[in-house]
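Student: sequence unknown, structure follows:
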C-alpha cells in the first residue's frame, strides 16, 4: 500500500492512550507491592491479582501487534524492516521479563513475605524500563509508519481483536485503566470507537465499578 493524500488514514493516537495506561500501571505496581505489610496476605492477594491482570493485558496487547501489525509493516515498508524486526526483539525481551515477574507473584501472594515482595517489585521496575524504551520508539517511529501503510479497517482490527479477546468480566476494568488519564477529547474519541454494547455498559456500570476497583487496589 502506497502513501496517498486521498485515502483516509487511521488515527493511531488511540495506541498512545493505551500505552499511557500501561506506563502508569507498571510504574505504580512496584510501589503497591512494596506497600503491602509483611504477612498481610489479604492485601497481597488484591495487589497480586491486579498485577497478574496487567501482565496478561500487556502480553495480549503485544500479541495483537505480533499477529496484526508487524507482518503488514514488514510486507509494505521494506526499507524499515530492521526497525520492525527490532520491535519484535523488544517484544520477546519484554515477554520474558513479564514471565519472570509472573513466576514471582504466587510465592509472594501466598505469604506476603517482605523479601519476596522486594524481589517481585524489582523485577517489575526492570521490566518497566525496557517497556518505556520500547513504547517511546514505537510511538515515535512505528505509529507514523502504520498511519501511512495501513488502512483504517486494518488498524481498527487491532482494537476489535483486543476487545473480543478480553474476558468479559475484565473489559470494563481495562477500559477504565485506559480512560483514566485521557483528556475529554481523547475519551470521547476512544469511547466512540468501541462496540455499542461496551459503550452502554461503560455508561451504566463501568465508571462506578472502575472507581471502586481502583480505590481498592490503590488504597
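Tutor: Okay, I see it. Everything numeric in this text was worked out from a predicted model, so none of it was measured. Residues are numbered from 1 along each chain as shown.

Student: now do the helices in this protein.
Tutor: Assigned by DSSP state H, the helices in the chain fall at 13-34, 41-68, 70-76, 81-109, 114-137, 143-149, 152-165, 171-179, 184-192, 196-201, 207-217.

Student: will you turn these into a markdown table that also has mean pLDDT and mean neighbour count?
Tutor: The C-beta positions use only the backbone N, C-alpha and C, and glycine is treated the same way. Formatted as a markdown table, the helices of the chain follow (pLDDT from 0 to 100; neighbours: other CB atoms under 10 Å):
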| stretch | mean pLDDT | mean neighbour count |
| --- | --- | --- |
| helix 13-34 | 97 | 18 |
| helix 41-68 | 97 | 18 |
| helix 70-76 | 94 | 15 |
| helix 81-109 | 97 | 16 |
| helix 114-137 | 97 | 18 |
| helix 143-149 | 96 | 18 |
| helix 152-165 | 91 | 15 |
| helix 171-179 | 96 | 21 |
| helix 184-192 | 95 | 13 |
| helix 196-201 | 91 | 13 |
| helix 207-217 | 97 | 13 |
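
Student: which residues touch stretch 113-123?
Tutor: 29-31, 33-34, 36, 38, 44, 51, 97, 100-101, 104-105, 107-108 (CB atoms under 8 Å, 6 or more residues apart in numbering).

Student: let's go with 6 Å and repeat that
Tutor: 30, 33-34, 38, 100-101, 104, 107-108 (CB atoms under 6 Å, 6 or more residues apart in numbering).

Student: how far does that stretch sit from the chain's center?
Tutor: Here the centre of stretch 113-123 is set off from its chain's centre by 22 Å, with CA atoms, centre = their mean, to the nearest Å.

Student: same thing with stretch 162-181?
Tutor: 10 Å.

Student: use 868 as the first number from now on
Tutor: In the new count, where the first residue is 868, that last one comes out as stretch 1029-1048.

Student: end-to-end on it?
Tutor: In stretch 1029-1048, first residue to last residue: 20 Å (CA to CA, to the nearest Å).

Student: these two touch, right, residue 968 and residue 991?
Tutor: Yes. Here residue 968 lies in contact with residue 991, judged by CB atoms under 6 Å, at a distance of 5.4 Å.

Student: shared neighbours of the two, which are they?
Tutor: Shared contacts of residue 968 and residue 991, defined by CB under 6 Å, 6+ apart, are absent.

Student: re the thing from before, among the contacts of stretch 980-990, which pair sits farthest apart?
Tutor: Comparing all pairs in the contacts of stretch 980-990 by CB to CB, the longest separation belongs to 905 and 967, at 22.6 Å.
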